[in-house]
Structures are given as structure tokens and as C-alpha cells.
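# Have a look at this prediction, sequence included:
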Amino acid sequence: MSHIDWKDFEKVEMRIGTIKSAEPFPDARNPAYKLQIDFGEEIGEKRSSAQITRRYTLEELPGRQIVAVVNFPVKRIAGFKSECLVLGVLGDNKDVVLLSPDQKMPNGSLIG
């Protein structure tokens, strides 16, 4: 593990968002969903590709709050423009458990 200093951590902008919609992403190399996420008035909505198909169905994702890094550059994934990185915990089989607040928080809330 390499260490970072506080200034490095301050550069990472993690925010709370609410998934507005989820759809299949058949063109992705690994099984994934396309997500539309609302980060509130200041940031707006962003799209993301998320490899969360092992633990989550498309139907259960809308309305769910998540934690995401919102200040990475846009990444193209199989022609899809991913604008943020949804955070999760990697399980034993590389399945992902989403990080989320245990209480409802305003979209755009800063993680610190």
C-alpha cells in the first residue's frame, strides 16, 4: 500500500447521488449496467457504467443512494461516456457491494 498526503485526498471529490435509472449495457466487456445518477442542483446528473450485475437487479437500483467520485475525467467504455465512478466494496468473487449512506442525505452531499 502506498501512502498519500492530505492534499492528495482533498483532490478527490466524493458525493452522494441517487440513481435515477439503470439499464443493461450489453456492449461492455464485463457485465455492467448504465446508470443515470442525480447529484443535486450544483453538479446535476451524471452517467456511469457499473459492474454491479451480480448483486443488483435493474429494478432495485432506481431510488438507491450511492457514493461516487465526481471529478474524474470522462472515460469512454464501449462507446458509452462514463462521467463518474460509483464506489463499492469488492467481494471475494470480484462482485461489488455499493457504498451508500445509512440515512437519506441530500444529493450532492460531500463525503469528507
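Done, it's in.

# which SS class is Glu59?
Each residue gets one of three states, and Glu59 gets helix by DSSP: H, G, I helix; E, B strand; the rest coil.

# if I look at Arg29, how far off is Gly44?
Applying C-beta to C-beta, to the nearest Å, one obtains 28 Å for the distance of Arg29 from Gly44. Placement of C-beta: from N, CA and C, glycine included.

# So which of those two has more stuff around it?
When Arg29 and Gly44 are compared on other C-beta atoms under 10 Å, the one with more neighbours turns out to be Gly44, at 13 against 9.

# Tell me the bridge partners for the nearest residue to the more buried one once chain neighbours are set aside.
With C-beta to C-beta, 6 or more residues apart in numbering as the criterion, Gly44 has its nearest non-adjacent residue at 7.8 Å, and that residue is Asp38. Following DSSP bridges, Asp38 is listed with bridge partners Thr18, Glu45.

# tell me the pLDDT at Asp38?
Model confidence at Asp38, expressed as pLDDT, equals 98.

# Neighbours of it, how many?
Under the neighbour criterion other C-beta under 10 Å, Asp38 is assigned a count of 18.

# Equivalent analysis for Ile77, please.
16.

# now the strands for the chain?
14-24, 33-38, 45-50, 65-69, 75-77, 80-82, 85-86, 88-90, 96-98 (DSSP state E).

# can you tell me which residues contact the residue positioned nearest the centre of the chain?
Using C-alpha atoms, centre = their mean, the residue of the chain that lies closest to the mean C-alpha position is Val86, 1.6 Å off. The contact partners of Val86, taken as C-beta atoms under 8 Å, 6 or more residues apart in numbering, are 35, 37, 48, 50, 52, 66-68, 98.

# That one pairs with what?
Ala68.

# quick one: the closest residue to Lys104 other than its chain neighbours from Asp102, how far?
In space, and not counting its chain neighbours, Lys104 is closest to Gln65: 6.8 Å by C-beta to C-beta, 6+ apart. Here the criterion is C-beta to C-beta. By it, Gln65 lies 10 Å from Asp102.
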